[in-house]
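>>> Output the structure for:
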Amino acid sequence: MRLRTSVWLFLAAAWLVIMAGWAAVESQGEALALQRVGLPVVFRRATVPKPKRTPPSGTLIFADDFDDGTMSGWAAASGQWSNPRDYLHGQDEHPPLRTVRAIKAVSGSDVGFEATVRVISGYTGGLLFRCNADGTRGYEVGISPMDNLLKLGVLGELYASLATSPLTVEPGRAYVVRVEADGSGLAVYLDGVKRLSATDSTYASGYFGTVIRGAWYASRGICEYDDMMAWELP
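Residues are numbered from 1 along each chain as shown. So this is what the prediction gives:
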């Protein structure tokens with residue numbers, strides 16, 4: 001019986017290795033059984049729900065981890081937006097050199113706004129705050145792999161830069177971007193470090209959103225967003 005069991009374990013484990021290149025196990029007992037017959041072992045990662053997010057201060061306005069696989073509460077003002085699994089995915093449309101935006105149907109005045117941002121390609125990917133319903137007016141903070149800059153600007157008839165900071169952007173890397181708008185004071189944090197500040201009173205309140213800018217001389221603009229949160233400043 002012991003020999004028959006060992007043969008069965010070997011065949012089952014060999015099938016796993018052939019199909020996946022490695023054997024994923026969930027318990028120490030399974031690992032020992034596979035190690036006895038000389039097969040590689042890795043432990044399958046458990047699915048752990050994301051912890052409930054709370055604002056660093058003030059009252060929470062909204063929080064989106066996109067784990068429901070939908071874009072509930074979001075409207076695509078332009079471009080192609082989707083939730084392929086558990087994040088917000090946006091990209092510009094052909095031809096390039098097109099700015100695309102998605103807007104969250106909630107607004108605020110003196111607020112904080114944070115998200116994990118991954119710029120895959122294009123000119124700039126970032127966040128909008130205190131913006132109008134289609135994201136063409138308001139404030140924009142962006143990560144630019146083309147310019148290697150972190151940018152803060154105000155949107156109107158034209159884009160006007162308020163502040164920039166050098167940043168060696170790694171396409172596809174997850175950056176935690178946080179903005180705080182308190183009256184006319186604007187501040188931008190990257191991975192927990194304050195990088196930009198400016199004073200501007202053009203817009204006092206508005207919606208939250210995302211923005212991607214493509215470039216004709218580069219691949220189309222593609223950006224991913226996750227773990228969003230907005231809150232009222234105390």
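>>> wouldn't residue 74 be in contact with residue 82 here?
No. Using Cβ atoms under 8 Å, residue 74 is not in contact with residue 82; the gap is 10.3 Å. Every residue, glycine included, has its C-beta placed from N, CA and C.
>>> list the residues that contact both of the two?
Here residue 74 and residue 82 share the contacting residues residue 88, scored by Cβ atoms under 8 Å, 6 or more residues apart in numbering.
>>> The two: which is more packed in?
Comparing residue 74 with residue 82 by neighbour count (other Cβ atoms under 10 Å), the higher total belongs to residue 74, at 21 against 14.
>>> Tell me the pLDDT of residue 130.
The predicted structure scores residue 130 at 98 on the pLDDT scale.
>>> meant to ask about residue 214
The predicted structure scores residue 214 at 86 on the pLDDT scale.
>>> Would you check how far apart it and residue 58 are?
Taking Cβ to Cβ, to the nearest Å as the criterion, residue 214 is separated from residue 58 by 35 Å.
>>> One more: residue 223?
If you go by Cβ to Cβ, the gap between residue 223 and residue 58 works out to 27 Å.
>>> same deal with residue 114?
Taken as Cβ to Cβ, the span from residue 114 to residue 58 is 12 Å.
>>> So for the two, which residue has more residues nearby?
A direct count of neighbours by other Cβ under 10 Å for residue 114 and residue 58 places residue 114 higher, at 21 against 15.
>>> which residues touch that one?
By Cβ under 8 Å, 6+ apart, the contact list for residue 114 reads 176, 177, 178, 179, 227, 228, 229, 230.
>>> in what helix or strand does it lie?
Using DSSP states H and E, residue 114 falls within strand 111-121.
>>> elements contacting the helix or strand just after that strand?
Along the chain past strand 111-121, the next helix or strand (assigned with DSSP H and E) turns out to be strand 124-131. Using 3 or more Cβ pairs under 8 Å, 6 or more residues apart in numbering; DSSP states H and E as the contact definition, the elements that strand 124-131 packs against are strand 99-108, strand 111-121, strand 138-144, strand 149-155, strand 175-182, strand 206-213, strand 222-232.
>>> Could you check the pLDDT of residue 5?
In this prediction, residue 5 carries a pLDDT score of 48.
>>> how's the protein carved up into domains?
The record's domain split for the chain, according to automatic domain parsing, is 2-43, 59-232.
>>> Quick check: which of those has the most neighbours on average?
Comparing these on average neighbours per residue, with mean count of other Cβ atoms under 10 Å, the densest one is domain 59-232 at a mean of 18.
>>> list the contacts for the residue nearest the centre of the chain?
For the chain, the residue sitting closest to the mean C-alpha position, by Cα atoms, centre = their mean, is residue 225 at 2.3 Å. When contacts are counted by Cβ under 8 Å, 6+ apart, residue 225 touches 66, 87, 88, 90, 115, 116, 117, 118, 210.
>>> residues touching residue 104, list them.
Contacts for residue 104 were tallied using Cβ under 8 Å, 6+ apart; they are 62, 64, 73, 74, 207, 208, 209, 230.
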